[in-house]
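K.L.:
Could you look at this predicted model? Sequence included:
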Protein chains: 2
Amino acid sequence: MNFLTNEKLTIVGAAGMIGSNMAQCAAMMKLSSNICLYDPFAKGLEGVAEELYHCGFDGVNISWTTDVKEALTDASYIISSGGAPRKEGMTREDLLKGNAQIAADFGRNVKKYAPNCKHIVVIFNPADITGLIVLLESGLKPNQVTTLAALDSTRLQSELAKHFGIAQYKVQGCVTLGGHGEKMIPCASKATVDGTPLLKLLGTDKLTKEQFEEIKQKTIQGGSNIIALRGRSSFQSPSFVSVEMIAAAMGGEPFKLPAGCYVNTNGYDHILMAMNSTIDKTGVHYQLSDLTAEEKAGLDASYKHLEELRDQVIEMGIIAPVKDWKTINPNL
Amino acid sequence: MNFLTNEKLTIVGAAGMIGSNMAQCAAMMKLSSNICLYDPFAKGLEGVAEELYHCGFDGVNISWTTDVKEALTDASYIISSGGAPRKEGMTREDLLKGNAQIAADFGRNVKKYAPNCKHIVVIFNPADITGLIVLLESGLKPNQVTTLAALDSTRLQSELAKHFGIAQYKVQGCVTLGGHGEKMIPCASKATVDGTPLLKLLGTDKLTKEQFEEIKQKTIQGGSNIIALRGRSSFQSPSFVSVEMIAAAMGGEPFKLPAGCYVNTNGYDHILMAMNSTIDKTGVHYQLSDLTAEEKAGLDASYKHLEELRDQVIEMGIIAPVKDWKTINPNL
């Protein structure tokens, strides 16, 4: 049946809009012949499972459970959208406290029930922080935990395509780095527009600096814009892209858009943020590529912001101080 | 990029839950490099388009419009979920009047703007009737219009798999015929359970007649059950399966689950209902296969019910009497 793997894929938060879409994507994309859906909300979860059964997918066993032990035991791959969603008017940071606790509990459950898990993609916000907490508490290695960050890059790609009036896929190399939030850094230096480097166009009448600033703002507001338009949080794109990420970790097509990953070098200390990276069967690997001075300054500011958020979570008592992390996860 | 076609695929009702999922499926399954989303609800439609842009699909142009002329012009393939949804407690038949009018308007627009359309899949309920109206008013040939009926078959497959405690794909040959409603006919005669003909098991202690009656009831209530569990109409399975149908019409893998299609032979007169059928690049083709006497009687009853519904729509003045159909669509 050409599944990428027969190992167990668990989708956490599968009763929700994102999780249910993930489950559908995973089955459609033939990720695993063994998909387990987990959510504490039994009724909605059963409804999602029924929808998938009615799709009649060939060769795949889809199970569902409200028991976290059953869900995680023997899971080799996990995608988690199991946080509280962002509501209209909330910033990603408003979500911090509740979702940090959920992430800590989830990470501890992974350590307990799925210590041999190969890769986890975390997508509940603020993902840079929840992913960091999951990495810490799960005991996994830094290359085994990633967070969804690529939507910022595809949003930049889409806004540039609209500006130039060309098909989206003719804009390439869009990268946003740093935090997945208001402090993200949409980078111009790697992008090309129909083959022309964006930096050659930037500052000309084809793309004034003011216009690029507007495009950056639209990129940053891409998620809020969906809420304003649809009356609900974005769910189709986070689902599809995060399933592409876990597919890459399973040995599918390498995922080359930025992923949120653990960074502990070059002045960045015990943090998880969006980097130029590749996910493949060996996990995630990032490069600290040559950024422009302005982009580097932006990334530094983004880092500082994430450091503050991390330290807030430590102050809340949800996770241990950084100095003790090594005792919780020797891989850090 | 390996798209099935570069011809235009239009998704009608793309702002809705089913339509937006269809659009995502169509892009994921690489149906066409040219996907047009149509819906009268501009804000929601733009939101869906944004979601798809944020997926970053490679090689595909996704456009959206609230102008039906623009949407349908040059469309070679159309999937329409553009009816009013079924709400909790409503039967499919309650929807009849409103959706029959929508179907008539849609069919007339196809005749006007997309007379060279190759295939339409209609999925808004009662689909047997809305599909029939679209066929009549569009002027297309009977093999060019199909309706979603396969969910009844996958629901039967799923319920049998649950009963026998085996993986769903080990139950094969499940077929439900006739109307897509309370009068549908779940057939036992073609099904096999892990290789054993269902008829050999039926009436034994492995599957008593009472148990099979319960399974049939669960099959018929599959859609209502989703509403009860999720608090919303089924959308993932109708979307995925109807996209599989249009993919088959584009030349993808033939679709072998029952489709609703036009029947005008063997005592069935000017009707559209679920038949044993195959959709491939040449359109839909049905077989009147050997049913058991009981199944044939059920199909006849289902036919009678659909005939009544069709005649109600004629009485409502939404479509012409059957005797005048040839002047509206010479292919019938």
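P.N.:
Nice, thanks for sending it over.

K.L.:
I'd like to know how far the residue of chain A positioned farthest from its centre sits from A:Glu159.
P.N.:
Going by CA atoms, centre = their mean, the residue of chain A most distant from its centre is A:Asp205, 35.1 Å out. When distance is defined by CB to CB, to the nearest Å, A:Asp205 is 18 Å away from A:Glu159. The C-beta positions use only the backbone N, C-alpha and C, and glycine is treated the same way.

K.L.:
same deal with A:Gly222?
P.N.:
For A:Gly222, the distance to A:Glu159 under the criterion CB to CB works out to 8 Å.

K.L.:
May I have the secondary structure class of whatever residue of the stretch 1-150 of chain A ends up closest to chain B?
P.N.:
For the stretch 1-150 of chain A, the nearest residue to chain B under the criterion CB to the nearest CB is A:Gly47, separated by 3.2 Å. Of the three states, A:Gly47 takes helix according to DSSP: H, G, I helix; E, B strand; the rest coil.

K.L.:
residue ranges with poor pLDDT in the stretch 1-150 of chain A?
P.N.:
Low-confidence regions of the stretch 1-150 of chain A, defined here as pLDDT under 70, cover residues A:1, A:85-86, A:91-93.

K.L.:
nearest residue to A:Lys170 other than its sequence neighbours?
P.N.:
The shortest distance from A:Lys170 to any non-neighbouring residue, by CB to CB, 6 or more residues apart in numbering or on different chains, is to A:Asp194 (4.7 Å).

K.L.:
List the contacts of that neighbour.
P.N.:
Residues touching A:Asp194, when contacts are defined by CB atoms under 8 Å, 6 or more residues apart in numbering or on different chains, comprise A:Phe164, A:Ile166, A:Lys170, A:Val171.

K.L.:
do A:Lys112 as well
P.N.:
A:Lys69, A:Leu72.

K.L.:
Please, which helix or strand holds it?
P.N.:
Counting by DSSP states H and E, the secondary-structure element that holds A:Lys112 is helix A:96-113.

K.L.:
Could you list the buried residues of the longest helix anywhere in chain A?
P.N.:
The helix spanning the most residues in chain A, taking DSSP state H as the definition, is helix A:293-315. Residues A:Glu295, A:Gly298, A:Leu299, A:Ser302, A:Tyr303, A:His305, A:Leu306, A:Glu307, A:Leu309, A:Arg310, A:Val313, A:Ile314 are the ones in helix A:293-315 that count as buried (16 or more other CB atoms under 10 Å in any protein chain shown).

K.L.:
Take these and lay them out in CSV including pLDDT and distance to B:Asp39.
P.N.:
Below are the buried residues of helix A:293-315 laid out as CSV (pLDDT from 0 to 100; distance: CB to CB, whole Å):
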residue, pLDDT, distance to B:Asp39
A:Glu295, 84, 39
A:Gly298, 86, 38
A:Leu299, 88, 40
A:Ser302, 89, 37
A:Tyr303, 93, 42
A:His305, 91, 39
A:Leu306, 93, 39
A:Glu307, 95, 44
A:Leu309, 93, 39
A:Arg310, 96, 43
A:Val313, 95, 42
A:Ile314, 96, 47
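
K.L.:
Which residue ranges of the stretch 1-150 of chain A form helices?
P.N.:
Shown for the stretch 1-150 of chain A, the helices assigned by DSSP state H, counting those that start in this stretch span residues A:17-28, A:42-55, A:68-72, A:96-113, A:127-138, A:150-164.

K.L.:
Which strands and helices lie in contact with the fifth one?
P.N.:
Just to be clear, that refers to helix A:127-138. Using 3 or more CB pairs under 8 Å, 6 or more residues apart in numbering or on different chains; DSSP states H and E as the contact criterion, the neighbours of helix A:127-138 among helices and strands are helix A:96-113, strand A:119-122, strand A:145-148, strand A:259-263, strand A:271-280, helix A:293-315, helix A:325-328.

K.L.:
same check, this time on the shortest one
P.N.:
Counting contacts by 3+ CB pairs under 8 Å, 6+ apart, the secondary-structure elements packed against helix A:68-72 are strand A:8-12, strand A:34-38, helix A:96-113.

K.L.:
closest to A:Met250 out of those?
P.N.:
Of all the helices and strands packed on helix A:68-72, strand A:8-12 sits nearest to A:Met250, with 8.1 Å by CB to CB.

K.L.:
A:Ala161 contacts A:Gln172, correct?
P.N.:
No. Under the criterion of CB atoms under 8 Å, A:Ala161 lies out of contact with A:Gln172, with a separation of 10.4 Å.

K.L.:
Between these two, which has more neighbouring residues?
P.N.:
Here A:Ala161 and A:Gln172 are compared on neighbour count by other CB atoms under 10 Å in any protein chain shown; more neighbours surround A:Ala161, at 19 against 16.

K.L.:
What's the local residue count around the residue nearest to that one when sequence neighbours are not counted?
P.N.:
Closest residue to A:Ala161 in three dimensions, ignoring its sequence neighbours and counting by CB to CB, 6+ apart: A:Gln168, at 4.2 Å. The number of residues packed around A:Gln168, counting by other CB under 10 Å, is 25.

K.L.:
likewise A:Phe106?
P.N.:
Taking other CB under 10 Å as the criterion, the count of residues near A:Phe106 is 27.

K.L.:
Would you check that it makes contact with A:Ile79?
P.N.:
No. A:Phe106 lies out of contact with A:Ile79 (CB under 8 Å); the separation is 11.6 Å.

K.L.:
shared neighbours, these two?
P.N.:
Any residue near both A:Phe106 and A:Ile79 by CB under 8 Å, 6+ apart counts here, and that gives A:Val12.

K.L.:
near chain B, which residues of the stretch 151-300 of chain A?
P.N.:
The interface of the stretch 151-300 of chain A toward chain B, taken as CB under 8 Å from any CB of the partner chain, is made up of A:151, A:153-155, A:157-158, A:161, A:167-169, A:222, A:225-226, A:229-231, A:234-237, A:240-241, A:257.

K.L.:
which residues in the stretch 151-300 of chain A form helices?
P.N.:
A:198-201, A:209-220, A:222-230, A:236-249, A:293-315.

K.L.:
ok, now how distant is A:Leu156 from A:Ser239?
P.N.:
Using CB to CB, one gets 20 Å for the distance from A:Leu156 to A:Ser239.

K.L.:
Mind checking which of these two has more residues around it?
P.N.:
A:Ser239 (29 against 26).

K.L.:
which non-adjacent residue is nearest the more buried one?
P.N.:
The spatial neighbour of A:Ser239 that comes closest, neighbours along the chain excluded (CB to CB, 6+ apart), is A:Asn21 at 3.7 Å.

K.L.:
All set now, cheers.
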